[in-house]
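**Student:** Coordinates for the following, if possible.
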Amino acid sequence: MTKTVLITGCSSGIGRATAEAFLDEEWTVYATARDEGDLTELDEAGCETAELDVTNAREVERVVDRIIDEQGRIDCLVNNAGTAQFGPLEDVPTGALDEQFDVNVYGPHRLIRAVLPHMRHRGQGRIVNVSSVTGFLATPGEGAYSASKFALEGLSDALRNEVDQYGIEVVLVEP
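**Tutor:** Down below sits the predicted model:
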């Protein structure tokens, strides 16, 4: 049976490359982005595509439900969608920091909560959270971004220990 992966943030960069790599390995790939129009090339290459704004709980639910309906399983979740708020911390409005965390921390959390019951029921799965080197080494001008990636790292470390007993692996990637 073909394995299924859900990948967020596939409009460019790491997300797009990850979708292509899974496709090359003959997985069923659900490539998502805020603007489905950005996924035309991946659609033409053989990916299933969907619009997904990770800050929208209903969209998360809709996409996960679609995959379960169509494939009956999600073997791997790649939380890649992200955004970066740069500038000195004293210049970053609290609202901008909140938006940073909504995409980089709460978005992955929404997806994790949506896929975990399915993975746990099957007794297997893998969750890959894409962080950054700034998730363990903060630099001036990247405090908001670094804080969100530090949080994603902590979330991943805790989750790894919580779900290991269910056959679910949690992987953190720090490009």
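**Student:** Check which helices and strands the longest helix along the chain sits against.
**Tutor:** If you go by DSSP state H, the chain has its longest helix at helix 143-163. Under the contact definition 3 or more C-beta pairs under 8 Å, 6 or more residues apart in numbering; DSSP states H and E, helix 143-163 sits against helix 94-101, helix 107-122, strand 125-130, strand 168-173. Where C-beta positions appear, they are placed from N, C-alpha and C, glycine not excepted.
**Student:** Pull the distance from that helix to the chain's centre.
**Tutor:** 13 Å (C-alpha atoms, centre = their mean, to the nearest Å).
**Student:** ok, now stretch 80-90?
**Tutor:** Chain-centre distance of stretch 80-90: 17 Å, with C-alpha atoms, centre = their mean.
**Student:** mean confidence for that stretch?
**Tutor:** The average pLDDT within stretch 80-90 is 96.
**Student:** Which parts of it count as buried, going by neighbours?
**Tutor:** Residues 80-83, 85 are the ones in stretch 80-90 that count as buried (16 or more other C-beta atoms under 10 Å).
**Student:** One more: stretch 11-23?
**Tutor:** Residues 11, 14-16, 18-20, 22-23 are the ones in stretch 11-23 that count as buried (16+ other C-beta under 10 Å).
**Student:** just to revisit the earlier point, winner for burial among the helices and strands packed on helix 143-163?
**Tutor:** When the helices and strands packed on helix 143-163 are scored by mean count of other C-beta atoms under 10 Å, the highest mean neighbour count falls to strand 125-130 (a mean of 22).
**Student:** what's in contact with it?
**Tutor:** By C-beta atoms under 8 Å, 6 or more residues apart in numbering, the surrounding residues in contact with strand 125-130 are 9, 14, 74-80, 82, 108, 112, 115-116, 118-119, 152, 155-156, 159, 163, 167-173, 175.
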